[in-house]
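A.B. asks: Let me see the structure of the following:
(one chain, ligands or ions: 1)
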Amino acid sequence: MKLDVLDLNFAYNGTPVLKDVSFSVNEKITAVIGPNGAGKSTLMSCIAGIQKPSGRVFLDDTDVSMMNEEIIATSISYLPQDAPSKAVISVLEAVLLGRLHTLRWKVYHEDLEIAYKTLTDLGIETLAKRSLNQLSGGQRQMVSIAQAIVKEPDILLMDEPTNSLDLQHQLELFDLIEEISDEWNITTLVALHDLNLAARYADNIVVLNSGMVCSSGPPDEVLNCEMIESVYGVHTDVSSDPDGYIHVCPKCSVKGRERKINRRENT
Ligand SMILES: Nc1ncnc2c1ncn2[C@@H]1O[C@H](COP(=O)(O)OP(=O)(O)OP(=O)(O)O)[C@@H](O)[C@H]1O
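C.D. replies: Predicted coordinates for the structure are as follows:
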């Protein structure tokens, strides 16, 4: 499904946070990157319909503000950045909640099958009967991811889904996102801090800085030393491997290097 974001502007208490944000994606996986406070989470929640920005969001050329509640609820799945729930309910019940919305309160056999399949795909089926409040942070994060995926949405919005996940689970999560993107033809927008994960898995990268899109395109066009230095204030080596994947190796922060030079000069 095509996602078009057109001239989004959003302010918290009069302070602008998103400024004329426009981009279009129909690639399978798009990473939204940018420094702390750039506006990534705000952008995700605006697209999910939680915040009400000015501007337009179109799904396959239909204005989301014109779509009915049920279609939006079934089309868009949103995994927020907030800490996953510690409610006293089982993992299976929590995942099943992902199949429900305000206009759909009944669980069918098909929902159970899809919930178990999702848990198995994520490698957490053995947790099905455990209570959320007895899980580790990473395990709870996996359950939140299962809740987002189990909906089988057209648009999957994930805000820093790799928070609390170990290396194996980070890679397995993205392998699964790649797989379901292919199978279900969904568009995934994922806010990420890890530039190497973005380089490895995203078909397209949108760079947000101070609420504005400062670059967008495929990883090999977007990820370069100049962009990373100007947006993140970090010196890096950027290289590409024989498979064509970009690798970003951080060297030092611009400020850190300046402080070191100043210290040397003053001693
Ligand atoms: N509820 C809020 N009320 C007021 N200001 C907010 C609120 N939420 C976020 N902000 C501000 O909006 C700006 C963008 O925040 P946002 O969380 O969207 O950034 P982000 O790119 O997701 O950051 P991070 O990488 O640190 O998660 C920041 O300056 C932040 O302080």
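
A.B. asks: Going by neighbour count, list what's buried in the worst-scoring helix or strand of the chain on mean pLDDT.
C.D. replies: Among the helical and strand segments of the chain, the one scoring lowest on mean pLDDT, DSSP states H and E is helix 69-75, with a mean of 81. Within helix 69-75, the residues scored as buried using 16 or more other C-beta atoms under 10 Å are I72, A73, T74, S75. No exception for glycine: its C-beta is placed from N, CA and C like everyone else's.

A.B. asks: do the next helix or strand after it and the ligand meet at all?
C.D. replies: Downstream of helix 69-75, the first helix or strand assigned by DSSP states H and E is strand 76-79. No - contact of strand 76-79 with the ligand (C-beta under 6 Å from any ligand atom) is absent, the minimum separation being 13.3 Å.

A.B. asks: Could you pull up the mean pLDDT of strand 76-79?
C.D. replies: If you average the pLDDT over strand 76-79, you get 91.

A.B. asks: quick revisit: of the buried residues of helix 69-75, just say which sits nearest to the ligand.
C.D. replies: Comparing the buried residues of helix 69-75 against the ligand with C-beta to the nearest ligand atom places I72 closest, at 21.0 Å.

A.B. asks: Please tell me I have it right and that closest one contacts G49.
C.D. replies: Yes - I72 lies in contact with G49 (C-beta atoms under 8 Å); the separation is 6.1 Å.

A.B. asks: residues bridging contact with these two, i.e. touching both?
C.D. replies: Residues touching both I72 and G49 (C-beta atoms under 8 Å, 6 or more residues apart in numbering): V64.

A.B. asks: Secondary structure element holding L157?
C.D. replies: Taking DSSP H and E as the definition, L157 sits inside strand 155-159.

A.B. asks: what helices or strands is that strand leaning on?
C.D. replies: helix 40-47, strand 76-79, helix 137-149, strand 187-191 (3 or more C-beta pairs under 8 Å, 6 or more residues apart in numbering; DSSP states H and E).

A.B. asks: buried set for the first one?
C.D. replies: By neighbour count on 16+ other C-beta under 10 Å, the buried set for helix 40-47 is K40, S41, T42, L43, M44, S45, C46, I47.

A.B. asks: filter those residues down to the ones close to the ligand.
C.D. replies: Near the ligand, judged by C-beta under 6 Å from any ligand atom, the entries from the buried residues of helix 40-47 are K40, S41, T42.
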